[in-house]
Each structure stands twice: as structure tokens, then as C-alpha cells.
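Engineer: Here you go, sequence then predicted model.
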Amino acid sequence: MKNSLRFALIFCFAGLVLSCASTVDNIVTNAISAPLSDIRVYDILMPMPNDPHMAMTKKLPEQDGDQRRADSLVEVIEKNIIRFKDIDVAKEEGYEFFPPEPPADMNIVHLVHRKYSEKEMKKGFNSEKPGSILYERDGNGWKLIGAMITAPVDASKEELNDLAPLSVTQWHLHQKVCVPKPIWDKEEWQKTFPDGTPVYGPTSSIASKSDCEKFDGTFLPVVFGWMTHAYVYLDNPNDVWNQMYGHDHGGHHGNHSSMDHSGH
């Protein structure tokens, strides 16, 4: 992706201004999205009824050693990200807020490291350098609560299970998202419907290519890849792998249903 983007920018500076914006925009959107056909785990994929932009894996029956593997992973993550309890340390290492300016009612945020994220998608999760770490708003600012584990869209059931057991956690996928064209147009991102809801993004009511095209947007079938959160610093052990944490505790953390998604 880096080489492609660099190549496109060279052409821009060479004077091909008219095609530059669309070329770079296509490269960016292609880099963060994938077709639905890339998904390989439809047999365990569960759409969320109140959120067309979200799908999760069903919890599978526990296999011998699953809980031990999950507990060991939690211990390793907890040990390796403790240095980020001071959020300034994370920022100094290159982590950035996503979204860049979290809304005041967003209680849980990701701090993303671009370089680590890129490596994670190619070489797997590195608990010492996770692509994304998670913070929760508290009275003193931001409290470190965990890390996010990611995998490519085309990961198999076995690959997801090897990273974090499917009997212990649920992996989620962001899908059917309409974004502005070009994707970095800040003014377009601020557009809303008459009821105040956003036109673009993962909380928009737009969830189809035809509706997205009515607003001259770009439809992203799948955004980024598979994700699961490990909330290693929460007090309640039942919330360590609870992917609905923040959604069912009154905090703004996306537009997700708070129903039980165990699949049992």
C-alpha cells in the first residue's frame, strides 16, 4: 500500500492533478476495504439485528485448553502494555486517537499505531506492539483497559481461533459502510440527515451500495478486518472478553445492540 500511495503521489506532483485525487482516494479505500466474498467464516457469522454495519462470530463449544490459552494471552497482554498506563507514553511511541477527536460522549476509544497495525495484519498479533490499544474515559482523563487483536478479512475459522479462542471471545467485523468521496473530505463527513444522524460512517442509516451512490459516496463492503478486544485491566473478570462492554454499560462506543450474542 505504501509503495502504491507513493507512486500515486509522484504522478500528482508530476502534474497529473485532475486524476490525482481520485487515484489516491481509490488506493486508500482499496487498502482499508475488501469484498464480502473474502469472508471465509459465514457458517459462524452472525449479523447484529440492530446494527447493519456489524457482524460477530458465534461462540463455539469450548475445547480442551481454550480457557487456558485465553488466560495466558490476557496475562501476556497485561504485562506487555503496562507501559501505556500513562497515555502520554503511548502518544510518544506513535499511537494516535481514532477517531482523531473523540466525541465527548465516547467513553471508550482506540489509540492506533499505523506501523504496528500494518505489521499486525501481515505477521499476526504482537502483544508488545499491538496495533491498537483501548482506553476508557474516567474522572482523571483516560484509563488504559486493554488491546485489540486483529486479523485479515479472509482469515479462516482456525486462524481466528488460534489467535483468540472462538469459545471464549467473539470476533467482530465492520461492514456495509458508506464513506465520502474523497474519503478524507472533512466537510462531507460532517453532513447529517434532517434528524441529525450522520450521512456517512458506521453509525449512518445507509447500509447499501445503491443508497450510498445516491449521496455520491463510496460503499465499503468490509472495512479493515477482523477484530476482538481484550479488556485486560477491567475489574470484572467477566468483562475481559466481553465484546459488548461499553455498549451495555451506558457508554457511547458505536451503534451496537446490547443483546446477548453468545449464540448458545
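Structural biologist: Good, I have the coordinates.
Engineer: Please, where are all the helices along the protein?
Structural biologist: For the chain, applying DSSP state H gives helices covering 2-13, 17-32, 66-80, 87-93, 114-123, 157-163, 186-189, 209-214.
Engineer: Rebuild those helices as a markdown table, extending it with mean pLDDT, mean neighbour count and distance to Ile44.
Structural biologist: Every C-beta, even on glycine, is put in place using the N, C-alpha and C of the backbone. Output for the helices of the chain, formatted as a markdown table (pLDDT from 0 to 100; neighbours: other C-beta atoms under 10 Å; distance: least, C-beta to C-beta, whole Å):
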| stretch | mean pLDDT | mean neighbour count | distance to Ile44 |
| --- | --- | --- | --- |
| helix 2-13 | 39 | 12 | 33 |
| helix 17-32 | 65 | 15 | 24 |
| helix 66-80 | 98 | 16 | 15 |
| helix 87-93 | 97 | 14 | 33 |
| helix 114-123 | 90 | 14 | 21 |
| helix 157-163 | 97 | 17 | 6 |
| helix 186-189 | 86 | 12 | 33 |
| helix 209-214 | 96 | 14 | 25 |
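Engineer: Mind checking these for the one nearest to Met46?
Structural biologist: Met46 lies closest, by C-beta to C-beta, to one member of the helices of the chain: helix 157-163, at 13.4 Å.
Engineer: so how far is that closest one off the chain centroid?
Structural biologist: Taking the mean of its C-alpha atoms, helix 157-163 sits 18 Å from the chain's own mean (C-alpha atoms, centre = their mean, to the nearest Å).
Engineer: just for the chain, where's the confidence low?
Structural biologist: For the chain, the stretches flagged by pLDDT under 70 are 1-25, 247-264.
Engineer: all strands for it, in order.
Structural biologist: Using DSSP state E, the strands of the chain run over 33-34, 45-48, 51-57, 96-98, 108-112, 132-138, 141-151, 172-179, 218-230.
Engineer: center of the protein - which residue?
Structural biologist: Met227 (6.0 Å; C-alpha atoms, centre = their mean).
Engineer: most tightly surrounded among the strands of the chain?
Structural biologist: Ranked by mean neighbour count under mean count of other C-beta atoms under 10 Å, these are led by strand 172-179, which reaches a mean of 23.
Engineer: between that one and strand 218-230, how many degrees?
Structural biologist: Angle between the axes of strand 172-179 and strand 218-230 is 150 degrees (criterion: axes from the mean of the first three to the mean of the last three C-alpha atoms, to 10 degrees).
Engineer: Parallel or antiparallel, list what pairs with strand 172-179.
Structural biologist: Strand pairing for strand 172-179, using DSSP bridges, gives strand 51-57 (antiparallel), strand 218-230 (antiparallel).
Engineer: for those strands, which one sits closest to Met121?
Structural biologist: Met121 sits nearest to strand 218-230 of all the strands paired with strand 172-179, at 6.3 Å, using C-beta to C-beta.
Engineer: now the closest one, how far from the centre of its chain.
Structural biologist: 6 Å.
Engineer: ok, now stretch 190-205?
Structural biologist: Centre-to-centre, stretch 190-205 and its host chain are 19 Å apart (C-alpha atoms, centre = their mean).
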